[in-house]
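*Asks:* Sharing a model prediction with you, sequence too.
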Amino acid sequence: MKYESLQYAIDEITDIAAGFGLDFYSMRYEICPADIIYTFGAYGMPSRFSHWRFGKRFYKMKLHYEMGLSKIYELVINTDPCQAFLLNTNSLVQNKLIVAHVLAHADFFKNNEHFKKTNREMEKAMESAAARIQELTDEHGIEAVEGFLDSVLSIEEHIDPHAGIGGFRTETRSHKKSLYDDLWEKKADDEPSEETKHEKDLLAFIAKNSPVLTDWQREIVMIIRQEMLYFWPQIETKIMNEGWASYWHMRIMRKLSLTESEAIEYARLNADVVQPSKMGINPYYLGLKLYEYIEKQYGSRDKLFDVRAMESDISFLRNYITKEFVEQEDLYLFEKKGAHWTITEKEWEKVRDQLVSSKVNGGFPYLYVADGKEDLKIVHSYEGTELDISYLEQTIPHLYTLWGKPVHIETVVDGRITTFTYNADGMKRKYGKMFAE
């Protein structure tokens, strides 16, 4: 592929996208070999702290690529300017599709309400955080730091992206002045403490209130929290974002003058991206079809820009999935019974509600701190879906490491309110009364 041809295509596609009304950050494209693409994919960012799980993820992705099981054609980073990394083995047609796709992502990053608080210089922040964690590793040793990261990363999803909106105060312990002090949101010394109630942000609560963490450990907890706050909008808009990018790359590509062979190549590529999945939801497909359905229902493409600006996946699915759409796309619920997969529900409202439910809290269990005066008591807000008990039993020792005193997790197992307790003697399970909704 000649770079001159790619540059011409980028300029042409950018003009077409702008003509459609897409409003994106300035773009920076880099051509990268597979090793670099998969490193960025594994770490989630060009610069990030080192940890064994990123290496494990890289190895798995790279192995799948080498075996021909999967392939990452591009990565796009939500920064300003927006960065897109293209695989150096892509054909020109592949890169045309990708450029059209990432321009729509950039438009989404810039204009969706849920990205408004995003740190657009997060790459620099992560680079700084990586340097700081390396300093701490040099000071305290790789086993101490990486082992502590294991514990923090085991609960990294349990943050509150809406902290400060009707939340409850928690006691703040003193700590050394650092680069991350603005994240602690400290109260004045004479301001009275309030009882902790329904504190969803486990990372912030533990960083502020753990009786055993050192200053450097609290700093690491808040670094991980800051990074998860950056990734969270992408988690809660996955269907919308990928659907938006797919919707626009299809319309932009139709404006290009493709040769017959290029058109055939593009059709194959596009089919791979937006085809429905047999065993789950393809966010590219579902998002694309729902945008097209909304456009048809409202008779205007302007409505799509309003939807793109204000919704998250939850409201997108709840507000716009209808009986007609469910029947049109032949959506249904299914589960494995014995050795066979069986359709269990086709009633459209139940299908819609299940899709919405799967996106609540980013698809992660809703946990909150009910008490943290001495022992740490965490309650699972049970709404019909049980926790993965094996995962819970592997995670609760990490919570004990972070808190230093007994940890209790209350949930529902087989219809009974059940409390898992972990302390120096190990794990205990206590069954209580039957759960009543």
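*Replies:* Perfect, thanks for sending it.
*Asks:* and Ser277, how far is that from Ile142?
*Replies:* Distance from Ser277 to Ile142, counting by Cβ to Cβ, to the nearest Å: 40 Å. Where C-beta positions appear, they are placed from N, C-alpha and C, glycine not excepted.
*Asks:* now Glu30
*Replies:* 31 Å.
*Asks:* More neighbours: these two, which one.
*Replies:* Glu30 (14 against 11; other Cβ atoms under 10 Å).
*Asks:* What count of nearby residues applies to the residue nearest to that one when sequence neighbours are not counted?
*Replies:* Excluding its sequence neighbours, the residue lying closest to Glu30 (Cβ to Cβ, 6 or more residues apart in numbering) is Phe85, at 5.1 Å. By other Cβ under 10 Å, the residues close to Phe85 number 23.
*Asks:* Who are the contact partners of Phe85?
*Replies:* By Cβ atoms under 8 Å, 6 or more residues apart in numbering, the contact list for Phe85 reads Tyr29, Glu30, Cys32, Ile36, Ile37, Phe40, Glu74, Leu75, Val76, Ile77.
*Asks:* The helix or strand hosting Glu410 pairs with which strands, and in what direction?
*Replies:* Element membership for Glu410, per DSSP states H and E: strand 407-413. Within its sheet, strand 407-413 is paired with strand 376-380 (parallel), strand 416-423 (antiparallel), according to DSSP bridges.
*Asks:* who's in contact with that strand?
*Replies:* By Cβ under 8 Å, 6+ apart, strand 407-413 touches 367, 370, 375-380, 382, 386-387, 389, 392, 396, 399-400, 417-423, 431, 435.
*Asks:* Separate out the buried members of these.
*Replies:* For those, a burial check counting by 16 or more other Cβ atoms under 10 Å picks out 367, 376-380, 382, 387, 392, 396, 399-400, 417-422.
*Asks:* Do a quick rundown of the helices in the stretch 51-200 of the chain.
*Replies:* 52-66, 92-111, 122-140, 142-153 (DSSP state H, counting those that start in this stretch).
*Asks:* tell me which strands and helices the helix or strand in which Tyr8 is found is in contact with?
*Replies:* Counting by DSSP H and E, the element that carries Tyr8 is helix 3-19. Helix 3-19 makes packing contacts with strand 27-32, helix 92-111, helix 238-254 when contacts are defined by 3 or more Cβ pairs under 8 Å, 6 or more residues apart in numbering; DSSP states H and E.
*Asks:* quick one: the first one to helix 3-19, angle?
*Replies:* Same thing as strand 27-32. 150 degrees (axes from the mean of the first three to the mean of the last three Cα atoms, to 10 degrees).
*Asks:* Tell me the buried residues in strand 27-32?
*Replies:* Going by 16+ other Cβ under 10 Å, strand 27-32 has these buried residues: Met27, Tyr29, Ile31, Cys32.
*Asks:* repeat for the last one
*Replies:* Neighbour counts using 16+ other Cβ under 10 Å place 238-250, 252-253 of helix 238-254 among the buried residues.
*Asks:* Quick check: which ranges of the stretch 51-200 of the chain have low pLDDT?
*Replies:* In the predicted model, the stretch 51-200 of the chain carries pLDDT under 70 at residues 64-73, 163-197.
*Asks:* Which parts of this protein belong to which domain?
*Replies:* As given by automatic domain parsing, the domain ranges for the chain are 3-112, 122-235, 275-363, 365-434.
*Asks:* From the rest of the structure, what touches whichever strand or helix holds Ser315?
*Replies:* Assigned by DSSP H and E, Ser315 belongs to helix 313-320. Contacts with helix 313-320, where a contact means Cβ under 8 Å, 6+ apart, come from 236-240, 287, 290, 293-294, 307, 311, 352, 355-356, 359-360.
*Asks:* all helices for the stretch 301-437 of the chain, in order.
*Replies:* So, for the stretch 301-437 of the chain - with DSSP H, counting those that start in this stretch - the helices run 302-310, 313-320, 323-329, 348-357, 389-403.
*Asks:* Those helices into CSV, with extra columns for distance to Leu97?
*Replies:* Below are the helices of the stretch 301-437 of the chain laid out as CSV (distance: least, Cβ to Cβ, whole Å):
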stretch, distance to Leu97
helix 302-310, 20
helix 313-320, 24
helix 323-329, 23
helix 348-357, 27
helix 389-403, 37
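*Asks:* would you turn the ones you listed into a markdown table with mean pLDDT and distance to Ala271?
*Replies:* Output for the helices of the stretch 301-437 of the chain, formatted as a markdown table (pLDDT from 0 to 100; distance: least, Cβ to Cβ, whole Å):
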| stretch | mean pLDDT | distance to Ala271 |
| --- | --- | --- |
| helix 302-310 | 97 | 23 |
| helix 313-320 | 97 | 24 |
| helix 323-329 | 96 | 17 |
| helix 348-357 | 95 | 23 |
| helix 389-403 | 97 | 36 |
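*Asks:* Going along the chain from the strand or helix carrying Val273, find the next helix or strand for me.
*Replies:* For Val273, the host element (DSSP H and E) is helix 260-274. With elements assigned by DSSP H and E, the helix or strand that comes after helix 260-274 is helix 283-298.
*Asks:* now the angle between helix 348-357 and that following helix, please.
*Replies:* Using the same axes, to 10 degrees: helix 283-298 against helix 348-357 is 130 degrees.
*Asks:* Return the set of buried residues in helix 283-298.
*Replies:* 283-295.
*Asks:* what's that helix packed up against?
*Replies:* helix 238-254, helix 260-274, helix 302-310, helix 313-320, helix 323-329.
*Asks:* His398 and Lys359: what is the separation?
*Replies:* 26 Å.
*Asks:* my bad, should have said Asp302
*Replies:* In terms of Cβ to Cβ, Asp302 sits 26 Å off from Lys359.
*Asks:* repeat for Ala339
*Replies:* Taking Cβ to Cβ, one finds Ala339 at 30 Å from Lys359.
*Asks:* So those two - more neighbours on which side?
*Replies:* Lys359 (20 against 5).
*Asks:* and the more buried one, what does it touch?
*Replies:* Glu236, Ile239, Ser312, Asp313, Ile314, Leu317.
*Asks:* What of Leu153?
*Replies:* His51, Arg53, Ile224.
*Asks:* if I look at the first one, how far off is Leu75?
*Replies:* So that's His51. To Leu75, His51 is 19 Å away according to Cβ to Cβ.
*Asks:* Between those two, which has more neighbouring residues?
*Replies:* Shown here are His51 and Leu75; by other Cβ under 10 Å, Leu75 has more neighbours (22 against 16).
*Asks:* Can you tell me the closest non-neighbouring residue to that one?
*Replies:* Phe85 (4.7 Å).
*Asks:* Then Val360?
*Replies:* Ile314 (6.5 Å).
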